[in-house]
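Trainee: Prediction below, plus the sequence it came from.
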Amino acid sequence: MVIELTPEDVRAARALVQWSQDDLAKAAGVGVSTIADFEKAARKPIANNLDAIRRAFENVHIVFTPTGPAIYGAVMLYLMTEDDGAAMVIRYRQEQAAAVQEIIGTFGTIDGEQIQLTMDQLVTSEMRVALDDLVARYGAAVPQLNRLKQKIGKVPDGKHFLLLPGEPASTKDRLAQETYLHALNHPEAAPAKGASDDLFGVLLDLYDMKNPRTDRKTVIGAGKEPRTCRFCHRTASETSFKKVAHVIPTALGNDHLKSAEECDECNEYFGQETEPSLIGMLDVQRVFLGTQGRGENNGRPKLKFGGDTLLHDGQKVVLQAHAVSKTDDDTFEVSLGRGARLVPMSVYRALVKIVVSALDEEHLPDLTKTIEWVRYALHADQPLPKVVMATIYLPPNPSAQITVYTRRKPHLRLPHVIGEFRLGCYVFVFAVPFSAQDQWNLVGFFDDADFKDTFRHYMAVAQWTEWDLGGKKPMALSPRLRFVKR
Ligand SMILES: [Zn+2]
């Protein structure tokens, strides 16, 4: 609840922090006369200035309550469990300081005014009893305590969680802490420590890595007002947001990862113009993986390649084809007819659309031209870097996955944004073209010495195949499958 500031509030708040009208005017960035007139009740400041005054006080821990301004303190905590993380700001008034100190003290030691938090916390039945007791006594005054209890409630007895003074500042810190927590909880599976450091050390100095979850409901951009489409930049008053927009198409197994920032018109455009090409390119892979989407055949792929049929029946792949040839006793080959029509550049645009949906919004201003290409096929005459593909062993996952690497500081050769798209054992790596942060067209980025030095884990893969997805002419794949008896 936001209390409307009165002249009395402002005078009283100034007294609490011992500010003159001049001090407040400087802190809020408004004129002294604005403050003086308001306190005399001669003139009410415009809304922007009132907000600035409120923020100036909040910055020095003053909160406005129905009974007047009060001093509060704030403790910032970040709770990291093995499958979750939550930032919490516990705000409290002066009179609750002792309670908050006791709460924090449960997770560390108190020595006078000094609280020493212990980073790794072991969940025990005693801890649960202590938490229940704290919630009973202070839950009403410090509501965040209930959330803390709820999060810790999900961690089994005998397992650890981490209590950090703030959210990890970089992907590298986050990975280091996650690795540490994992090692605490799974001492039997001690990670090969140096190995992952070697592979990711340089990379995570230069790039942040984002890998949104597909195994539970994840909505990117949820709750932001006004709701705005990332692709056409219109707000909810100018366009509609009735349909559910998936970050990765459902035909590629994604049910949970959604975007709140894709309007119905853009959603329909992608569904008709670009996503069918990406799905079509992955037709054979989808059948062999048994990727489950929606619709007929229980959501499993059931495809026509000319007069041939290829489907997954939930248990196995069923193939009916005309051109089957036996090359020797153990091998036969099948040449399928023509598959779905696809446009290579639309495949690339569909991949980049997934990245744009998944990115943190701070990167969007640099990607204006990229978004125009994804949404309106502009700049399509400029050269595009190749997309590379490899087949590697990965733990089975029902949904396709996206990992986005965003460069943390300027660099002459390394691309600003790299996408890694995976479906089953198939991995596609691509540069996101047209970023204002890149000084060149990125053609050949994958063979660049800087890239090889940075993305070392890709260089450990035996073979990458280059795919030219720059073509604008429709085409159809006629896959040739080779079966070897084992
Ligand atoms: Zn839109």
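Mentor: Received, thanks.
Trainee: could you say what helices and strands the one helix or strand F483 maps to packs with?
Mentor: Here F483 sits within strand 480-484, counting by DSSP states H and E. Under the contact definition 3 or more Cβ pairs under 8 Å, 6 or more residues apart in numbering; DSSP states H and E, strand 480-484 sits against strand 331-335. All C-beta spots, glycine's among them, are computed from the backbone N, C-alpha and C.
Trainee: In its sheet, which strands sit next to the strand it packs on, and in what direction?
Mentor: Strand 331-335 pairs in its sheet with strand 323-328 (antiparallel), strand 480-484 (antiparallel), by DSSP bridges.
Trainee: so which of the ones you listed comes closest to the ion?
Mentor: strand 480-484 (39.3 Å; Cβ to the ion).
Trainee: Nearest residue to Q144 in space, please, no chain neighbours.
Mentor: I90 (4.8 Å; Cβ to Cβ, 6 or more residues apart in numbering).
Trainee: Next, count neighbours for H160.
Mentor: Using other Cβ atoms under 10 Å, H160 has 19 other residues around it.
Trainee: Kindly indicate whether the nearest residue to it once chain neighbours are set aside is helix, strand or coil.
Mentor: Spatially, and ignoring its direct neighbours in sequence, H160 is nearest to L184 (4.3 Å; Cβ to Cβ, 6+ apart). Using DSSP: H, G, I helix; E, B strand; the rest coil, the structure places L184 in helix.
Trainee: Just confirm L184 contacts Q121, I think it does.
Mentor: No. Under the criterion of Cβ atoms under 8 Å, L184 makes no contact with Q121, lying 9.8 Å away.
Trainee: joint contacts of the two?
Mentor: H160 (Cβ atoms under 8 Å, 6 or more residues apart in numbering).
Trainee: So which of those two has more stuff around it?
Mentor: Q121 (22 against 16).
Trainee: Check what contacts the helix or strand where the more buried one lies and list those residues.
Mentor: In this structure, Q121 sits in strand 120-122 according to DSSP H and E. Strand 120-122 is contacted from outside by F107, M127, G158, K159, H160, F161, L162, L163, Y180, L181, L184, using Cβ under 8 Å, 6+ apart.
Trainee: go again using 10 Å as the cut-off
Mentor: For strand 120-122, the surrounding residues in contact (Cβ atoms under 10 Å, 6 or more residues apart in numbering) are 79-81, 106-108, 127, 152, 155, 157-163, 177, 180-181, 184-185.
Trainee: returning to that earlier point: buried residues in the strand holding F483?
Mentor: Buried residues in strand 480-484, defined by neighbour count with 16 or more other Cβ atoms under 10 Å: L481.
Trainee: Please list the outside residues in contact with it.
Mentor: 284, 288, 310, 317, 319, 321, 323-324, 326-328, 330-336.
Trainee: Quick check on the residues you listed: which are buried?
Mentor: V284, F288, L310, V317, L319, A321, V334, S335, L336.
Trainee: Now do the contacts for the residue nearest to the spatial centre of the chain.
Mentor: For the chain, the residue sitting closest to the mean C-alpha position, by Cα atoms, centre = their mean, is P212 at 4.3 Å. Contacts for P212 (Cβ under 10 Å, 6+ apart) come out as 218-220, 247-248, 256-259, 357-359, 401-404.
Trainee: Which single one of those is nearest to F305?
Mentor: F305 has its nearest neighbour among the contacts of P212 in I248, at 24.1 Å by Cβ to Cβ.
Trainee: burial count for that closest one?
Mentor: I248 has 27 nearby residues by other Cβ under 10 Å.
Trainee: cool, and the one 3 residues further on?
Mentor: Using other Cβ under 10 Å, A251 is surrounded by 23 other residues.
Trainee: Can you name the residues that contact the residue in the stretch 351-486 of the chain that the ion sits nearest to?
Mentor: Closest contact between the stretch 351-486 of the chain and the ion, by Cβ to the ion, is at R375 (7.5 Å). Residues near R375 by Cβ under 10 Å, 6+ apart: 229-233, 265-266, 269-270, 273-274, 349, 353, 356.
Trainee: redo that, cut-off 7 Å
Mentor: F231, C232, C266, Y269 (Cβ atoms under 7 Å, 6 or more residues apart in numbering).
Trainee: gap between the second one and E362?
Mentor: In this structure, C232 and E362 are 20 Å apart, going by Cβ to Cβ, to the nearest Å.
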